[in-house]
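Q: build me a model:
(2 chains)
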Amino acid sequence: MPSTFRRLRYLVGLVREHAWSLGVGAGFLGLTLWMSLAIPRYLQEAIDLLAAERSGSEVLFRVWLILGFAVAMVLTRSVSRMLFLVPGRRVEFDLKNRLLAHLLRQDRAYFLANPTGELISRINNDINGVRMLLGMGTMMLIQTVGTLTLAPWYMYRISPQLTLWCALPIAVGFVVLQVAVRRMRHNQQWHMKALQELSDFTVESYGGLDPLKSFRGLGWAQGRFTALSGSVRDAGLGMATVRAWFFPLLTHLVNGLKVLLLLVGGIAVVAGEITIGAFTAFMVYLSMLVGPLMGATFMMFLLQRGMTSLGSLLEVFAAEPVRPVPRPGAALPARLAEGLAVDDLRFAYPDEPAQPVLDGVSLRVAPGEVVGVFGAIGSGKTTLVNLLNHHLVPPAGAVRLDGTDVRDVEPGELRRQVVTVTQEPFLFSDTLHANVAFGVQAEASEAGRDLWARAQQGSGPGREAHARGADRRAGGASARAVGPDAQVAAEAAAGGDALDAMVERAVADAALGPDLERLPAGLRTVVGERGVTLSGGQKQRVAFARAILRPCELLILDDVLSAVDHDTERVLVERIHALCEARSILVVSHRVSVLERADRVVVLERGRVVDEGHHRDLAARAGPYREAWLRQERERAAR
Amino acid sequence: MMRRFARLARMPSRWRRLLGDGNAAAVITAMRPHFARYRWQFATVLALLPVSAALAALVPYLTKVAVDDYLLPAVAAGELGPWREPLLTLVALAAGVVVAGYLADALYVRILQRVGHRLLAALRETVYRRTLRLPRAYFDRNPIGSVLTRVTSDVEALGESLAGHALSLITDLLKTVAFVAMMFWLSWKATLVLLAMLPVLLVVMDFFQRRVRASFLWARQALSEATGYLQECLAGAKTVQLYAAEAKVLADFERRNRRFYLAQNTSNLYDAMLYSLVEGLTSLGLAVVLWYSAGAMLAGTMTIGVLVAFMEYIQRLFVPVRELAQQLAILQRALGALDHIGGLLAEPLDPAEPPIAGPGTGDAPRFDRLDLEAVRFRYAPHQPEVLRGIDLRVRRGEMVAIVGATGSGKSTVARLIARAYGGYRGSIRLNGEEITSFDADRIGRMVSVVHQNVFLFHGSVEFNITLGRHGREAAVHAARQVRADDFIRDLPGGYDFEVAHGGANLSAGQAQLVSFARAVAAGADLVVLDEATSSVDSMTEELIERALARLYATRTVIAIAHRLSTIRRADRIVVLDAGEVVEAGTHDELVRRGGAYAGLLGDR
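A: Coordinates of the predicted model:
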């Protein structure tokens, strides 16, 4: 957790950023407070006038004053609330944008350690905490402190003696309430925990409903549920006690003080020390204390939670991916001349350093070549792919594009030239059109670049990052595709009909035509969580269409045809070979049929290259490749 | 204006409709016995509520008496003198009223809260018990998360709003009624003047509330869209990174985020005005009463004491109005929750599932024969038939393998035998008796199912084998039978080893062995084995095969088979294709025939 000083410094930064709004808001709030405290004074004067049986016009003047203040307060209070709450929302908006940018910079290890669901709830909780701290929290702070100092001061001016009579009981009541609130919070945490256990068990029991039913475990499940539910109930009963005895305390205490006032204040009135108007005003001031006293607890909770959230958020922002620093000036040529060179690539995952997944892999892919990588499950194929596209960090010098070590260039820069279709394709719950156009639009999109560029500087949420308009598009649009693909990108950027035509072509190339006809709205069908669910093979082909639409120099296909049927596979292999005119292609597969036409096939086994050659040579010599080929031939014959 | 009034007046009927037509009745029916159990508590609360309201209304009245009858005469006389005694008595009385009011408040809150938490627990348990007995098909249609929401969040929401907010709304309203009654008694004219401003206020507040609600909905929707997109961006972070699409998704997210920001600020604007208006009501009321008093007092129809008492009443008169807006939203959420829970309670139960008694420990009856005749089945009325006339006979001691391509219906056969689904046509007889006449408990004693996806509970290994029905000895015995004993003893803590949620700290093979042991421990004679398709390493494969060999030797087994080793061992192999039995016989016979079975083998 970052130090209190750092958190406060950051908070001061946020406040300063919205100083104008918060400052004017505080002014209006002060005005509101002053008016609300002035009203009892006019009430006092009016009552005294009435008691003296003076003429109505003087009283009416006070009535108009009170009425005017009441109406003015509605306005000033509205304005002050807006001026406080909007900056809170603005901070929320900014923080969310910045946080997403920051998270998108993180590496595989970070996402493994922080599951998406956890990140989302953290983002929501923490940002809400900071928002409430800045908006509601600061507002309530001013309001509470203001009322709790000004009202007693006015009361003191009416009668020091009466004020002292009231001060001690209220202080004691407030302290007692604080203790109760602490107990309440303790009970609430207990309640939350019990509820969490209950819901964990419920989910588990539903997941295991089949075995529970067939093994007659329902009675047990119900018993366990009842026990857990009883624990939730007990926590609730604990809260009930606090709520019943302590929460009404303050209101009734103030009522009791009013009764005391009747005696002490009454004697003072009779003795002529205070007027009957002052007596009434004092009662009104006393009533005004209840709200802030009760609210103070909530305010302290807001402030406390806000500071915790702020710390947690700063922690998230502090995470930096472990990745080599790009060499300044290192850049990839727009068109590759030599292609990809992998030399003696060795790799082990950090959690199992003794188990090398890749053990000295070397391979070459020249421009225009289609190279296959064959290997069984667990041979290290996907790890290899992830090292080539810099999803994992390869050792120095092992992976080079046209002689440049991929570690030396920005990952984003590299990925403009190397496009990967992963084994498990990810589709957004958006239209098919948007999913296919995703890559090429990403290439062309200008919006969002400065946000991204700012996050790239690794500054986190510090003050520096707040500088608005700081080097717009730094490191963004600098490297654009040149050559035939540049035109494609330009067309995509234009959007509209040109883009539609491109998407349609890519979809046809990915053999999605017949599938589209069966979908309700064709390319405009929304897929994913809130739309139509696609089969694994369909998803793979959408991802494939997305990739071939995107201009690049090296296309990596990681087992992307594993879930399509044989006829479709044949069509797609055809397309892959047609595509290689414009780029190099690396096809990774455990199916021999996909690799038959490749210029070369590298055979991987347990992280080593055990063979290399053209399909006809590999199929002729003994080894894993030939075995797989024979199996496949048998299957083919059986059909 | 008139239309607004009409709409205001319609509000309760809208709720009534929600309560009447909706599913709330089911909840009330289910909870009636529980309500009855707490009738004395409810009666006490009903008696305390008016007392608490009356006591609250009494203090300002006593103030009025003190001011008008003792203080002002004393001021005029210049000394307290004869008024000292009655003033002291009155103050003592008022103090008693305050203390009694506090006790009444604390007491009814305590009773209601305690009863409320007990009722909630009862409701939660009722709902959960119900869900356990729902037919399998219900869980096919509804994701676990949404069922969970019914059991936990919805019940909590109901409790929070009914026990907390609805209650305070009612008591605040009662207090307001008491205040207004007292004010009427003290000065009905001043009260009418004060109340005259109410209609105007209600219309203005309704105007704002309508806008607050609309913009709030808009904001909620925008938020859920933005959050949904954020979640996708994070779940698909790798894809975003591999396409260097960070700037694009950031721009897309910022657009959605901005929509939420704008919607929220609109909502804030109306909310701020509504809040300020309600806050201003007290001052407004003060001015109005003062204005009336100025005239009335000069005319001698009102006293200073009444004015002072009115000041006190006004301070608290608008509390319900202030909270109404907020409370209504919470109340609506509660009604929604009530409807959801009621919907779940109204779901038809699985006819095979009897009311749940304690853990069943009855004896396992001997299995003799199972006969399926012309069994046809579809999962839902409009779906194609999955089974289209299946015949199958299994005798005691046999080992029958059912094979077929994905979608041929073999797992469905297993589910029907285990009675996970009803509604088939044809007949399925166990020992000559149709299984629809069996309840789940009896089926469970005769048939054990080893499911394809092994499900392990968060608990000890022993528990996972016995499911709490037998002791350690039975667990060890069962584990030995399937040769799981060795690996279990090697675990830290042996049979007490805590299995993590979903069995995450066991390997796939170990989990399968535990599930075999579970089937053996259940003691049923007939084991339906839905073999896992997931690939395991060769060592585990060997372990599993050895375990299965023991199982075949001691039990009658119907295996939905994927492994060649399982299939070869079968006394009979039944080949399914598109919901029909196309071949049956031993391995050698079927291979010789060169039909569908031979084709399946070739694909392997």
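
Q: could you list the buried residues of stretch A:126-136?
A: Taking 16 or more other Cβ atoms under 10 Å in any protein chain shown as the neighbour-count basis, stretch A:126-136 is seen to contain the buried residues A:126-127, A:129-136. Bear in mind the C-beta positions are built from the backbone N, C-alpha and C, glycine included.

Q: any idea how far residue A:41 is from residue A:66?
A: Counting by Cβ to Cβ, to the nearest Å, the gap from residue A:66 to residue A:41 is 10 Å.

Q: next SSE downstream of the lowest-mean-pLDDT helix or strand in chain A?
A: Ranked by mean pLDDT, DSSP states H and E, the helix or strand of chain A with the weakest confidence is helix A:484-494, at a mean of 53. Counting by DSSP states H and E, the next helix or strand C-terminal to helix A:484-494 is helix A:496-509.

Q: would you mind writing the CA trace of that next one as PDB?
A: Output for helix A:496-509, consisting of C-alpha atoms alone and laid out as PDB, is shown next (Å, rounded to 0.1, in the frame of the first residue of the first chain):
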ATOM      1  CA  GLY A 496     -18.000   3.100 -45.300                       C
ATOM      2  CA  ASP A 497     -18.400   1.200 -48.600                       C
ATOM      3  CA  ALA A 498     -14.700   0.600 -49.100                       C
ATOM      4  CA  LEU A 499     -14.500  -1.100 -45.800                       C
ATOM      5  CA  ASP A 500     -17.700  -3.100 -46.300                       C
ATOM      6  CA  ALA A 501     -16.300  -4.400 -49.600                       C
ATOM      7  CA  MET A 502     -13.100  -5.500 -47.900                       C
ATOM      8  CA  VAL A 503     -14.900  -7.200 -45.000                       C
ATOM      9  CA  GLU A 504     -17.100  -9.100 -47.500                       C
ATOM     10  CA  ARG A 505     -14.000 -10.200 -49.400                       C
ATOM     11  CA  ALA A 506     -12.300 -11.400 -46.200                       C
ATOM     12  CA  VAL A 507     -15.400 -13.200 -45.100                       C
ATOM     13  CA  ALA A 508     -15.600 -15.000 -48.400                       C
ATOM     14  CA  ASP A 509     -11.900 -15.900 -48.200                       C
END
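
Q: list the helices and strands the helix or strand just after it packs on?
A: Sequence-wise, the next helix or strand downstream of helix A:496-509 (DSSP H and E) is helix A:513-518. Applying 3 or more Cβ pairs under 8 Å, 6 or more residues apart in numbering or on different chains; DSSP states H and E, one finds that helix A:513-518 makes contact with no other helix or strand.

Q: got any ranges where chain B has weak pLDDT?
A: Flagging of chain B using pLDDT under 70 yields the residue ranges B:1-22, B:163-164, B:322, B:325-326, B:329, B:352-364, B:406-407, B:532-541, B:602-604.

Q: all strands of it, in order?
A: For chain B, applying DSSP state E gives strands covering B:369-377, B:387-395, B:399-404, B:425-430, B:433-434, B:447-450, B:459-460, B:498-499, B:526-530, B:556-560, B:572-577, B:580-585.

Q: so for residue B:305, which of these sits nearest?
A: Residue B:305 lies closest to strand B:459-460 among the strands of chain B, at 70.6 Å (Cβ to Cβ).

Q: against which helices or strands is that closest one packed?
A: strand B:498-499.

Q: partner strands of the strand it packs on, with direction?
A: Taking DSSP bridges as the criterion, strand B:498-499 pairs within the sheet with strand B:459-460 (antiparallel).

Q: can you list contacts of the partner strand?
A: Surrounding strand B:459-460, the residues in contact under the criterion Cβ atoms under 8 Å, 6 or more residues apart in numbering or on different chains are B:493, B:495-499.

Q: with stretch B:263-270 instead?
A: Taking Cβ under 8 Å, 6+ apart as the criterion, the residues outside stretch B:263-270 that touch it are A:81-82, A:85-86, A:89, B:208, B:211-212, B:215-216, B:218-219, B:221-223.

Q: wait, isn't residue A:288 in contact with residue A:151?
A: Yes: Residue A:288 is in contact with residue A:151 according to Cβ atoms under 8 Å; the separation is 5.3 Å.

Q: buried sites along stretch B:374-382?
A: Applying a neighbour-count criterion of 16+ other Cβ under 10 Å, the buried positions in stretch B:374-382 are B:375, B:377-379.

Q: now the residues you listed as a markdown table including distance to chain A?
A: Below are the buried residues of stretch B:374-382 laid out as a markdown table (distance: Cβ to the nearest Cβ, whole Å):
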| residue | distance to chain A |
| --- | --- |
| B:375 | 19 |
| B:377 | 17 |
| B:378 | 20 |
| B:379 | 15 |
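
Q: the one helix or strand residue A:205 maps to and chain B in contact?
A: Following DSSP H and E, the helix or strand that holds residue A:205 is helix A:160-207. Yes: judged by Cβ under 8 Å from any Cβ of the partner chain, helix A:160-207 comes into contact with chain B through A:195, A:198-207.

Q: helix or strand right after that helix?
A: Sequence-wise, the next helix or strand beyond helix A:160-207 is helix A:209-214, with elements assigned using DSSP H and E.

Q: anything in that next one near chain B?
A: Yes: counting by Cβ under 8 Å from any Cβ, contacts between helix A:209-214 and chain B involve A:209-214.

Q: which residues sit against that helix?
A: Residues from elsewhere that reach helix A:209-214 (Cβ under 8 Å, 6+ apart): A:205, A:217-218, A:220-221, B:132, B:136, B:139, B:353, B:418, B:420, B:440, B:443-444, B:447-449, B:451, B:455, B:467, B:515, B:518, B:522.

Q: sorry, back to before: ok, the residues of helix A:209-214 next to chain B vs chain B, which is closest?
A: Chain B has its nearest neighbour among those in residue A:214, at 4.3 Å by Cβ to the nearest Cβ.
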